[in-house]
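Enquirer: From the sequence below, what's the structure:
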Amino acid sequence: MKVGEVDQALQAAEPQLPAQNVLDAFATHWESIIGPLRSALDTRMDEKLDAIRNQLEQRKDTEIQDIQAILTELEKSIRKELHEIAPDFQQLRLLLDFSDEEGEQFQRDVNALRARLERIPEEIDQEQEAIRARYSDLKERLFPVAVTFLVPERLG
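Expert: Next comes the predicted model:
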């Protein structure tokens, strides 16, 4: 039976119990039904797990690449800023007539940028490792299922 046919049959079904002899027949044959049913559920679970693992692997790779790109862009921006201001600091200080306090603050800002720049490679590694760790401990779950028997009226 195809999925569409199953849906049609379920919609047409009436929610009532069949006759006792039919229920007894189901109980008698349950042991022969449960094995193939469990096998079908396991097969479906494996297929779904493979699809989910692939999606999560792609998402993990994307996040790793994204954090690399973001922090690399930050690194480039800081390098550009330092390249533009650091060599000309003394000339800039004289031109703008910085007070000693302003000059010291400017130097602290430049030093902070340099320190931030030095931390970026390690931060990239840490962030990427955190992403890998977040995706590393996947748990498989098989949710409860219900079995519905559709009994033709002539048998029920």
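Enquirer: drop to CA atoms for contacts and neighbour counts, all remaining ones
Expert: OK.
Enquirer: worst-scoring helix or strand of the chain, pLDDT-wise?
Expert: helix 89-96 (a mean of 60; mean pLDDT, DSSP states H and E).
Enquirer: which strands and helices sit next to the helix or strand where A133 lies?
Expert: Mapping A133 onto the secondary structure by DSSP states H and E places it in helix 100-134. Packing contacts for helix 100-134, counted by 3 or more Cα pairs under 8 Å, 6 or more residues apart in numbering; DSSP states H and E, involve helix 20-85.
Enquirer: What is the helix it packs on packed up against?
Expert: When contacts are defined as 3+ Cα pairs under 8 Å, 6+ apart, helix 20-85 packs onto helix 100-134.
Enquirer: Distance from the helix it packs on to the middle of the chain?
Expert: A distance of 28 Å separates the centroid of the chain from that of helix 100-134, by Cα atoms, centre = their mean, to the nearest Å.
Enquirer: Start at 435, not 1
Expert: Sounds good: first residue 435 from here, last item helix 534-568.
Enquirer: any idea of the mean pLDDT for it?
Expert: Confidence for helix 534-568, expressed as mean pLDDT, is 91.
Enquirer: Now that helix: buried residues?
Expert: Taking 16 or more other Cα atoms under 10 Å as the neighbour-count basis, helix 534-568 is seen to contain the buried residues G537, F540, V544, L547, L551, I554, I558, E561, Q562, I565, R566.
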